[in-house]
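**Student:** kindly return the folded structure for what I paste below:
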Amino acid sequence: MHLIILAKIAYRNLREHRTKTLIIGSLIATGMLVLVVGNSVIDTATAGVRASYTANYTGHVIVAAGGVPLPMLTPDVNPEAYGRATPTIPDFDSATAFIASQDGVRAVTPMITGLALTQANGEGFGLMQFYGIDPDRYRGFFPDNVELLAGEFLETGGRGLVISERTLEMLGDSLNREIGVGDRVLLTAPSEVHGLRIREVEIVGVFRFRSATMPLEFVSFLDAESARTLNGMTGLTNVEALLTPAEQAGLGAVDEDDLFGGDLFDVPAAAAASGEPFGGGSRSGGDETSPRVSGVDPDAWHYILVRLDDERQSRRAAGALNREFEAFGFDLVAFDWLDGAGQVASLTFALRTVFTVLVVLVAIVAVIIIMNTLVISVTERIAEVGTMRAIGAQKAFVRRMIVIETLMIAMVFGAIGIAAGAGITTVIGVVGIASDNQIAQVFMGGPTLNPVVSPGSVLSSLAAIAVAGVASSLYPVAVALRIEPVAAMHGK
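**Tutor:** Got it, this is the predicted structure:
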């Protein structure tokens, strides 16, 4: 009953001071409109960036060897980082099985990364980041991220390069001729640790990502063995020599000059041209199934990408995996997808933080303006408040009356601003915000941004305006309660 009476009194006071009510209300409505539109645009853009990266490049969680500061899955990281050797996943098979067995994990796939200069016959220039992958696992993990333009994708056990459209264009322009599927190119990967490493590979396919921002247009796919060679991921295995009795008898007859002289340590020309590591061929005259000694470690991988059942739990899942790694003695570290998405994605989320800070600053200014207006309003009603106190109105009654007045202004005009903001956002969403600027596309999460009204932004806006309304009323209430009834009745 008291609330109904207070609401009627508050409504009457607002109507009698309609000019001030409209001024305050207009400020609130404008602030809510900007808040809803801005939050909806930012939320849509960041959701687009998240979806683009997790569905096409990073997965939800990235696992690396212990001691890795940050994953390097995109070209827009500090180039100096690629001069350092990235440690490989220790005990890869056991690590993969352990991660895949965790609750909420849907799929895993391994990856090798690196930077390389692409040339044809020692000429031209094409810069790329390469992903060394297990083709079957990768396509199962990212089923729709690649649009093949020519040739074919990598096959398990196959060799070659599936080059990005952008890198191929750069290389072709520098050569002043077309180059494509079937051509062989030289990949050169510099490293402070392993020096300059070169690998010749054949282009087996040309592709583009279905959703790619500028830095990621320079990512290409390479067979895992070539990727390991370029990264210097060597690891000789102890291989038992399986000799026939005749071979063992012949071994004893070998003279030292015959053993250490001649061309024993010369790399065959065919092996040098193909880029195969020396020692990778089968034993001459032996069974083709005999053990082979290879210069690269076939189990070496830089990262394990993880897809979750619930993508919203990526950061929590990374933390849970790190605790499990520590508990079971795995020298591994898990990162949230954003940690490996590069500087551009991080800037997008930083922009959201900046916008949030600006909103807070605007809210503080709005609270101060509303508060000052209410103080003036209360001061003009000294006689009224004093009379109410003189006939028995308690301080709590006066306090609730002013708070209700403030909340009525805030909620009514706030709702108008939110409705207007939702309408404008819907119109923008239908029309779309398109841009040919690649930097803008990064922040938009694609070439076109179609913002949708974010339920979270609406609820947060309502909560913010309610809090602002209460905060704005605190000082006016204090002013009103300091008024002595007798002095107030005399207008003093």
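**Student:** show me where the stretch 301-450 of the chain has helices.
**Tutor:** Secondary structure of the stretch 301-450 of the chain (DSSP state H, counting those that start in this stretch): helices located at 314-328, 342-380, 382-390, 395-431, 438-444.
**Student:** tell me which of those helices lies nearest to V477.
**Tutor:** Evaluated over these, closeness to V477 peaks at helix 395-431, with 5.0 Å, by Cβ to Cβ. C-beta here means a position set from N, CA and C on the backbone, and glycine is covered the same way.
**Student:** give me the buried positions along that closest one.
**Tutor:** By 16 or more other Cβ atoms under 10 Å, the buried positions in helix 395-431 come out as 398-410, 413-418, 420-422, 424-425, 428-429.
**Student:** please parse the protein into its domains.
**Tutor:** 2-53+345-489, 67-235+297-314 (automatic domain parsing).
**Student:** ranking those domains by mean pLDDT, which is last?
**Tutor:** Lowest mean pLDDT within the domains of the chain: domain 2-53+345-489, at a mean of 75.
**Student:** and the spatially most central residue of the chain, what does it touch?
**Tutor:** Among the residues of the chain, the one closest to the centroid is L338, at 3.5 Å (Cα atoms, centre = their mean). Applying Cβ atoms under 8 Å, 6 or more residues apart in numbering, we find L338 in contact with 50, 53, 345-346, 349.
**Student:** switch to 6 Å and redo it
**Tutor:** By Cβ atoms under 6 Å, 6 or more residues apart in numbering, the contact list for L338 is empty.
**Student:** over to T74?
**Tutor:** Contacts of T74 (Cβ under 6 Å, 6+ apart): 215, 342.
**Student:** distance-wise, check it relative to S226.
**Tutor:** For T74, the distance to S226 (Cβ to Cβ, to the nearest Å) stands at 20 Å.
**Student:** please apply the same query to I416.
**Tutor:** Per Cβ to Cβ, I416 is found 62 Å from S226.
**Student:** so T188 touches I198, yeah?
**Tutor:** Yes: T188 is within contact range of I198, at 5.2 Å (criterion: Cβ atoms under 6 Å).
**Student:** overlap in contacts of the two?
**Tutor:** In contact with both T188 and I198: no residue, using Cβ under 6 Å, 6+ apart.
**Student:** need the domains of the chain in JSON lines with distance to L321, can you?
**Tutor:** JSON lines is the format used below for the domains of the chain (distance: least, Cβ to Cβ, whole Å):
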{"stretch": "domain 2-53+345-489", "distance to L321": "19"}
{"stretch": "domain 67-235+297-314", "distance to L321": "7"}
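**Student:** tell me the secondary structure for P143?
**Tutor:** Secondary structure assignment for P143 (DSSP: H, G, I helix; E, B strand; the rest coil): coil.
**Student:** scratch that, D43
**Tutor:** With three-state DSSP as the basis, D43 sits in helix.
**Student:** what's the closest non-adjacent residue to it?
**Tutor:** The shortest distance from D43 to any residue other than its chain neighbours is 4.2 Å, reached at S454 (Cβ to Cβ, 6 or more residues apart in numbering).
**Student:** so how many other residues sit close to that neighbour?
**Tutor:** Residues contacting S454 under the criterion other Cβ atoms under 10 Å number 20.
**Student:** now it. Its backbone dihedrals?
**Tutor:** The phi and psi values for S454, taken as degrees, to the nearest 10, are phi -90, psi 120.
**Student:** residues touching it, list them.
**Tutor:** Contacts of S454 (Cβ under 6 Å, 6+ apart): 39-40, 43.
**Student:** closest one to T113 out of those, please.
**Tutor:** Of all the contacts of S454, T113 sits closest to D43, with 30.2 Å by Cβ to Cβ.
**Student:** that closest one - how many residues pack around it?
**Tutor:** Other residues near D43 come to 18 when the count uses other Cβ under 10 Å.
**Student:** repeat for the one 10 residues further on
**Tutor:** Other residues within reach of Y53 by the criterion other Cβ under 10 Å amount to 26.
**Student:** report the contact partners of it.
**Tutor:** Contacts of Y53 by Cβ under 6 Å, 6+ apart are 341, 345.
**Student:** and E155, backbone torsions?
**Tutor:** Backbone dihedrals for E155, given as degrees, to the nearest 10, come out at phi -110, psi 150.
**Student:** how near is it to N56?
**Tutor:** 21 Å.
**Student:** just checking, what packs against the lengthiest strand in the chain?
**Tutor:** Using DSSP state E, we find that the single longest strand of the chain is strand 105-120. Packing partners of strand 105-120 (3 or more Cβ pairs under 6 Å, 6 or more residues apart in numbering; DSSP states H and E): helix 92-100, strand 123-133, helix 135-141, strand 184-189, helix 224-231, strand 303-308.
**Student:** among the ones you listed, which is nearest V63?
**Tutor:** Nearest to V63, of all the helices and strands packed on strand 105-120, is strand 303-308, at 4.2 Å by Cβ to Cβ.
**Student:** got the angle for the closest one vs helix 92-100?
**Tutor:** 20 degrees (axes from the mean of the first three to the mean of the last three Cα atoms, to 10 degrees).
**Student:** now do strand 303-308 and strand 105-120, the angle between them.
**Tutor:** Going by the same axes, to 10 degrees, strand 303-308 makes 140 degrees with strand 105-120.
**Student:** so how far is strand 303-308 off the chain centroid?
**Tutor:** The chain centre lies 14 Å from the centre of strand 303-308; the measure is Cα atoms, centre = their mean, to the nearest Å.
**Student:** that strand pairs with which strands, and in what direction?
**Tutor:** Paired strands of strand 303-308, with direction, are strand 61-65 (antiparallel), strand 105-120 (antiparallel) (DSSP bridges).
**Student:** nearest to L171, of those strands?
**Tutor:** Smallest distance to L171 across the strands paired with strand 303-308 (Cβ to Cβ): 5.4 Å, for strand 105-120.
**Student:** make a markdown table out of the helices and strands packed on strand 105-120 and add distance to G160 and mean neighbour count.
**Tutor:** Formatted as a markdown table, these follow (distance: least, Cβ to Cβ, whole Å; neighbours: other Cβ atoms under 10 Å):
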| stretch | distance to G160 | mean neighbour count |
| --- | --- | --- |
| helix 92-100 | 23 | 16 |
| strand 123-133 | 12 | 22 |
| helix 135-141 | 10 | 17 |
| strand 184-189 | 10 | 20 |
| helix 224-231 | 8 | 26 |
| strand 303-308 | 22 | 25 |
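**Student:** who wins for proximity to A468 among those?
**Tutor:** strand 303-308 (37.2 Å).
**Student:** output that closest one as PDB, nothing but the C-alphas.
**Tutor:** The C-alpha coordinates for strand 303-308 follow below in PDB (Å, rounded to 0.1, in the frame of the first residue of the first chain):
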ATOM      1  CA  TYR A 303      50.700 -28.900 -30.700                       C
ATOM      2  CA  ILE A 304      47.600 -30.900 -30.000                       C
ATOM      3  CA  LEU A 305      44.400 -29.000 -30.900                       C
ATOM      4  CA  VAL A 306      41.400 -29.800 -28.800                       C
ATOM      5  CA  ARG A 307      37.700 -29.400 -29.700                       C
ATOM      6  CA  LEU A 308      35.200 -29.300 -26.800                       C
END
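**Student:** quick one, it and strand 123-133 angle?
**Tutor:** Going by the same axes, to 10 degrees, strand 303-308 makes 50 degrees with strand 123-133.
**Student:** just want the angle from strand 303-308 to helix 314-328.
**Tutor:** Here the directions of strand 303-308 and helix 314-328 differ by 120 degrees (the same axes, to 10 degrees).
**Student:** so what touches strand 303-308?
**Tutor:** Residues from elsewhere that reach strand 303-308 (Cβ under 6 Å, 6+ apart): 59-64, 71, 104-111, 317.
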